[in-house]
Structure formats: structure tokens, C-alpha cells
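> sequence below, structure please.
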Amino acid sequence: MTNTDFKPVESFTDIDILLGKNKICFNHVGNRRFREIIGNSLDDYQSIDSRKNKSQIVNNLIASIYSSGSRFLKFDKQKETWLEIPKGHKIIKEKVGH
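Down below sits the predicted model:
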């Protein structure tokens, strides 16, 4: 999948997760909630040695995030718009599992 697979969105909501390293992303309410969700699973994740089991925790977290209606969004500077990252894209797994 490439950036061309990402679909533009008109705006983001409080439950969306914004990918980026700026203040807007860090302070966004959806990102704060995301960090809380990840933090609640951190002990379980770190206590597991099996890569397969760690991957299952990440997949469960992603499913939970999507079931709440959240989306993962990335800002495209050239198009000056937010893009929704498609479900299953490796960027999402990297964001949740990192």
C-alpha cells in the first residue's frame, strides 16, 4: 500500500488518532486516549517473550481502537489535508506496537 491508498477526510474528530510529531498531534484528545489505552496494556506486552503473542496483543488493541470508531490519520503537507490510513496498513501496527 502506498500513500495513494490513503483517502482524504474533511476533518478529524476527538476519537481519531493523529500521526505526527507536533504539538497538535501530541495534545489531541484522541491521541491522549490512545496513549492511555497503550499504557494500560504495556505491562502485559512487556511480560511476554513470544513474538506471536505480542503481535496478538497489538492486533487486539487495534481491533479495540477501531471498534470505538477511531481512525488513524496522517497529514499530507502537499495536499494540505488529513488522510485516513487504511485498516491493515503496516503504519498502524508500527504505531500501536512501538
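> now do the strands in the chain.
Secondary structure of the chain (DSSP state E): strands located at 7-9, 17-19, 72-76, 81-84.
> make TSV out of those and add mean neighbour count and mean pLDDT.
Where you see a C-beta, it was placed from the backbone N, CA and C, and this is true even at glycine. Conversion of these to TSV gives the following (neighbours: other Cβ atoms under 10 Å; pLDDT from 0 to 100):
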stretch	mean neighbour count	mean pLDDT
strand 7-9	12	94
strand 17-19	20	96
strand 72-76	19	95
strand 81-84	18	96
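> which stretches of this protein form helices?
Listed in chain order, the helices of the chain (DSSP state H) span residues 23-27, 29-47, 51-67, 90-97.
> pick the most buried one from the ones you listed.
Per-residue neighbour counts averaged over each of these give the maximum for helix 90-97, namely a mean of 16 (mean count of other Cβ atoms under 10 Å).
> and that one with helix 29-47, angle?
Per axes from the mean of the first three to the mean of the last three Cα atoms, to 10 degrees, the angle that helix 90-97 makes with helix 29-47 is 70 degrees.
> can you pull the contacts of Lys54?
Lys54 is in contact with 45, 48, 97, counting by Cβ atoms under 8 Å, 6 or more residues apart in numbering.
> quick revisit: want to try a markdown table for the helices of the chain, with distance to Val9 and mean pLDDT as columns?
Putting those into a markdown table (distance: least, Cβ to Cβ, whole Å; pLDDT from 0 to 100) gives the following:
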| stretch | distance to Val9 | mean pLDDT |
| --- | --- | --- |
| helix 23-27 | 15 | 95 |
| helix 29-47 | 13 | 92 |
| helix 51-67 | 15 | 92 |
| helix 90-97 | 15 | 89 |
